[in-house]
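> Here you go, sequence then predicted model.
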Amino acid sequence: MKKVKISDVTLREDAGVGFLSFKEKVNLAKKLDRLGVDVIETAKITNAKTDILFLHTIAPLLEKSIISCPVELNEESVDRAYEALRGAKKFRLKLSAPVSSVQMEYLCGKKPDAMIELIKTLTEKCAALCCDVEFSALDATRSEPEFLYRAIKTAILAGAKTITVCDSAGEMLPSECGEFIEKLYENVPELKGVTLAAECGNNLDMGCACLVAGVSAGVGEIKTSADGKNQTSILCIARIFKSRGDFFGAYTGLNYTELEHTVSGMGFLKTQDFKNGKILEAEKGESFVLNDKDDINTVSLAVKKLGYDLSEEDIKNVYEEFVKVARKKQVTEKELEVIVASAALQTAPTYKLKSYTINSGNLINASCVMTLSKENEELQGITVGNGPIDAAFQCIEQIAGRKFELDDFQIQSVTEGKQALGVTVVKLRSSGKLYSGKGISTDIVESSINAYINALNKICFEEA
């Protein structure tokens, strides 16, 4: 039997709605890795500050999965994605290009010959930087067959190791999908030397059936999603392979035993609520809302659910701050995070920020020069990073002489307008415990630095 790789696109799909928080995305990536997902596809880099920081955060946490980052149709995007990923154990650069005449013309303004040349140039660029390159033919099922074959062959000869064909419309029948794959192999002999992947929309609720038909015809990698809304469900695919994989001679590396419980328990798949002042703790990860009727025990339970292990004194301090806010409005999970960061474990600072300078631009890597004071001694660090926040965080770690796991990173606007005041919350994990820090500034980089230093000072106090 042949192994079929599973490529999960949940993080990519979330980019369109931004429903998941930084922490939820990190936790999702870790869960997918433990479940045996072969490839985790992220969103393309649109925000250099947070997107690159997210990639840097998950890179050392993934043991088995390949991190796949989409690149846009320009060379600058390829360089940016490579720089963000090159520290990962296994990573892939993914180039997506429309191959139907309608999408080529209206989305890219390209004629067929120009698109072929662009595919060749960018695939070669990706292959020069990374040994694992994927070319994804968007709207492949509505493309002119001869042009599709030409585009795929061009990508393979330019260095692509995985070729994905997309039924973007999601209107294929299983028999049509199987026949479509067979014709690809007949007309593009070069496909036998690479992995052919398939991605099917689920408009007709037949995405899973189409993928199974594709596997029977020679597909070696399939795209799935944890939520199963617009894409084929990873749960549905897992059940099919577990029950009938032997029938069509294929298996996956998914951990079927844990998959059902883990995916069903992901907080963003469920309706979250509060009932009788108590948190519904059926599954980890669910969000919640508190109000002024909730007592200290309920708030303490919510704090523990966030991952904190606070002393009685810190819980009292958090509750006092919570009451002040709850008298005016309901308190969300993220707002409780800010309260914990500001009220719990307040200590005399070990490190203080004296100055920092950030150099950043679209043609250079971000760099940071920072000076911190510690016990009347000034310490300086100089680092280069992918984005100003990443460079700043690396600089703090260089000065402190140690690295921390970034568990969560939140930026929240407090006021509106061009000079809006923003609150940044940073959660660091050290020796299994969570420490949160808060920073406030009209400058996002400065508030992020202050939040990181605030969390670092709490770690230093606890471990002294």
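Yep, it's here.

> Pass me the low-pLDDT residue ranges in the chain, would you?
Within the chain, the segments meeting pLDDT under 70 span 16-19, 228-229, 264-287, 346, 413-421.

> How is it partitioned into domains?
2-268, 272-343, 352-463 (automatic domain parsing).

> could you dump these to JSON lines with mean neighbour count?
Yep, even glycine has a C-beta here, placed from its N, CA and C like the rest. Listed next are the domains of the chain as JSON lines, based on neighbours: other C-beta atoms under 10 Å:
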{"stretch": "domain 2-268", "mean neighbour count": "19"}
{"stretch": "domain 272-343", "mean neighbour count": "16"}
{"stretch": "domain 352-463", "mean neighbour count": "18"}
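
> who touches the one helix or strand Ile119 maps to?
According to DSSP states H and E, Ile119 maps onto helix 112-129. The set of residues external to helix 112-129 that reach it, using C-beta atoms under 8 Å, 6 or more residues apart in numbering, is 71, 73-75, 78-79, 82, 93, 95, 97-99, 101, 104, 108, 110, 133, 135, 147, 150-151, 154-155, 157-160.

> now with 6 Å?
Here helix 112-129 makes contact (C-beta atoms under 6 Å, 6 or more residues apart in numbering) with 75, 78, 82, 93, 95, 97, 104, 133, 135, 147, 151, 154-155, 158-160.

> Go through these and flag which are in strands.
The strands, defined by DSSP state E, take in Leu93, Leu95, Ala97, Val133, Phe135 from these.

> List just the nearest of those to Pro388.
Leu93 (23.4 Å; C-beta to C-beta).

> leaving aside the residues next to it on the chain, what's closest to the closest one?
Closest residue to Leu93 apart from its sequence neighbours, by C-beta to C-beta, 6 or more residues apart in numbering: Cys126 at 4.3 Å.

> who touches His56 in this structure?
Counted by C-beta under 6 Å, 6+ apart, His56 has contacts Asp390.

> picking up where we left off before, gap between the helix holding Ile119 and the chain center?
Relative to the chain's own centre, helix 112-129 is displaced by 26 Å; criterion: C-alpha atoms, centre = their mean, to the nearest Å.

> got it, and stretch 240-249?
The answer for stretch 240-249 is 30 Å, by C-alpha atoms, centre = their mean.

> Need the contact partners of it.
Met1, Val212, Ser216, Tyr251, Thr252, Tyr256.

> could I get these as a markdown table with distance to Asn454 and secondary structure?
Converted to a markdown table, the contacts of stretch 240-249 look like this (distance: C-beta to C-beta, whole Å; DSSP: H, G, I helix; E, B strand; the rest coil):
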| residue | distance to Asn454 | secondary structure |
| --- | --- | --- |
| Met1 | 53 | coil |
| Val212 | 52 | helix |
| Ser216 | 56 | helix |
| Tyr251 | 49 | strand |
| Thr252 | 44 | coil |
| Tyr256 | 43 | helix |
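
> Most widely separated two among the residues you listed?
Ser216 and Tyr256 (20.4 Å).

> How about Lys31, nearest residue that isn't a chain neighbour?
The shortest distance from Lys31 to any non-neighbouring residue, by C-beta to C-beta, 6+ apart, is to Thr262 (5.7 Å).

> Kindly apply the preceding question to Asn187 instead.
In space, and not counting its chain neighbours, Asn187 is closest to Tyr149: 4.7 Å by C-beta to C-beta, 6+ apart.

> sorry, back to before: would you list the contacts of stretch 240-249 in JSON lines and tack on distance to Ser175?
Shown next, in JSON lines, are those (distance: C-beta to C-beta, whole Å):
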{"residue": "Met1", "distance to Ser175": "23"}
{"residue": "Val212", "distance to Ser175": "12"}
{"residue": "Ser216", "distance to Ser175": "11"}
{"residue": "Tyr251", "distance to Ser175": "23"}
{"residue": "Thr252", "distance to Ser175": "23"}
{"residue": "Tyr256", "distance to Ser175": "28"}
